[in-house]
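In: based on what follows, work out the 3D shape:
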Amino acid sequence: MSIAMTMEEIQKGVVEIVSRNSLHNPEKVNLHSNIKNDHGIDSLKIVNLLFDLEDEFGIIVDQNSMVFDNFATAEKISSYVYQKLGNP
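Out: Next comes the predicted model:
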């Protein structure tokens, strides 16, 4: 997206994407829940989540940053997206 987004808008979008990709408890996704342990997003399902992030926010997820710890929670994902959108 070329329109500047606030962190709150990014967080809301990320929570929605995680919920869509959740294998269980999609209604309980929050910024601090672990996407693997709490929502069943494994290494295969995270690929879909990454594609959804790229489509939703118009970013490219760098191969070097594809470490599960960088994407462990919606909060960490939001921070990553925020930085990819050119924010400090």
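In: count of neighbours near Phe57?
Out: Applying other C-beta atoms under 10 Å, we find 21 residues neighbouring Phe57. Where C-beta positions appear, they are placed from N, C-alpha and C, glycine not excepted.
In: ok, and the closest non-adjacent residue to it?
Out: What sits nearest to Phe57 in space, not counting adjacent residues and going by C-beta to C-beta, 6 or more residues apart in numbering, is Val81, at 5.3 Å.
In: what's the neighbour count on that neighbour?
Out: In terms of burial, Val81 registers 23 neighbours under the definition other C-beta under 10 Å.
In: wait, it sits on Ile59?
Out: Yes: using C-beta atoms under 8 Å, Val81 is in contact with Ile59, at 6.4 Å.
In: what's the overlap in contacts for those two?
Out: Shared between the contact lists of Val81 and Ile59 (criterion: C-beta atoms under 8 Å, 6 or more residues apart in numbering) are residues Leu53.
In: pLDDT score for the residue nearest to Phe57?
Out: Val81 is assigned a pLDDT of 96 by the prediction.
In: cool, and Met1?
Out: In the prediction, the pLDDT value recorded for Met1 is 41.
In: just Ser43 next, same as before
Out: Among the per-residue scores, Ser43 shows a pLDDT of 85.
In: swap in the one 5 residues further on?
Out: The pLDDT attached to Asn48 in the predicted structure is 94.
In: what of Ala4?
Out: Model confidence at Ala4, expressed as pLDDT, equals 81.
In: and it, how far is that from Asn87?
Out: Between Ala4 and Asn87 the computed distance is 9 Å (C-beta to C-beta, to the nearest Å).
In: who has more neighbours, these two?
Out: For Ala4 and Asn87, the more surrounded residue by other C-beta under 10 Å is Asn87, and the numbers stand at 13 against 9.
In: what's the following helix or strand after the worst-scoring helix or strand of the chain on mean pLDDT?
Out: The helix or strand with the lowest mean pLDDT-type score in the chain, counting by mean pLDDT, DSSP states H and E, is helix 43-57 (a mean of 94). Toward the C-terminus, helix 43-57 is succeeded by helix 74-84 as the next helix or strand (DSSP states H and E).
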